[in-house]
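coordinates only, no sequence provided:
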């Protein structure tokens, strides 16, 4: 996956290099319909994944290739379809939007979510500590490896079903994470703010 993510930067290298060294700026265009032939690779990718994971045929070779293709082909087809329906844009802009989403936003999202997780964890600890008996329960689970299995199950149930635990977990997973990730997706248009993107161009950038 890391190798595929890196190789997807090569088209951007080509287009920017052509502009820098040959002085030929790419023109606005739509992708050619022939790229829809990528769909033909999807069934072989699924078959290769089956062979690798179920039949054990070259799992170290077929497995990674099948995973990347099966995950990437639907994304590529969606991007091609949206670009075909939208107004033409330059290849550098299209790849710029795409690579911002591919390279920058996951790293930034994970970093922000890690910071939020620390805050949620602190709130959870403070909330549990304010309730009678919860500190002793946590200490018992953490410091006593010889607890009977039924006692461990009962203690974990009491801990996980505590209102503070439920509120913190649901709040983090269902509220904070989606807000962060959806907000960060707008960064796909940041490199092009200086050229006054139209609403349709900004929408296309967000999709890519």
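Looks like it came in fine. Since the model is a prediction, treat every value here as computed from it, not as a measurement.

alpha carbons only for contacts and neighbour counts from here, please
Fine.

burial count for the closest residue to residue 128 other than its chain neighbours?
Distances taken as CA to CA, 6 or more residues apart in numbering put residue 134 closest to residue 128, at 5.9 Å, once the chain neighbours are dropped. When neighbours are counted by other CA atoms under 10 Å, residue 134 registers 18.

please compute how far stretch 11-19 lies from its chain's middle.
Stretch 11-19 sits 25 Å away from the centroid of its parent chain (CA atoms, centre = their mean, to the nearest Å).

tell me which residues of that stretch are tucked away?
12, 15, 16 (16 or more other CA atoms under 10 Å).

what packs against the helix-or-strand element of the chain with minimal mean pLDDT?
Lowest on mean pLDDT, DSSP states H and E among the helices and strands of the chain sits helix 134-143, with a mean of 73. The helices and strands touching helix 134-143, judged by 3 or more CA pairs under 8 Å, 6 or more residues apart in numbering; DSSP states H and E, are helix 105-129, helix 149-160.

which helix runs longest in the protein?
helix 59-85 (DSSP state H).

can you tell me which residue is spatially central in this structure?
residue 106 (5.3 Å; CA atoms, centre = their mean).

distance of that residue from residue 175?
18 Å (CA to CA, to the nearest Å).

same question, residue 108
17 Å.

now do residue 28
Applying CA to CA to residue 28 and residue 175 gives a distance of 39 Å.

with residue 88 instead?
36 Å.

these two - which one has more neighbours?
Taking neighbours as other CA under 10 Å, residue 88 and residue 175 compare with residue 88 leading, 15 against 11.
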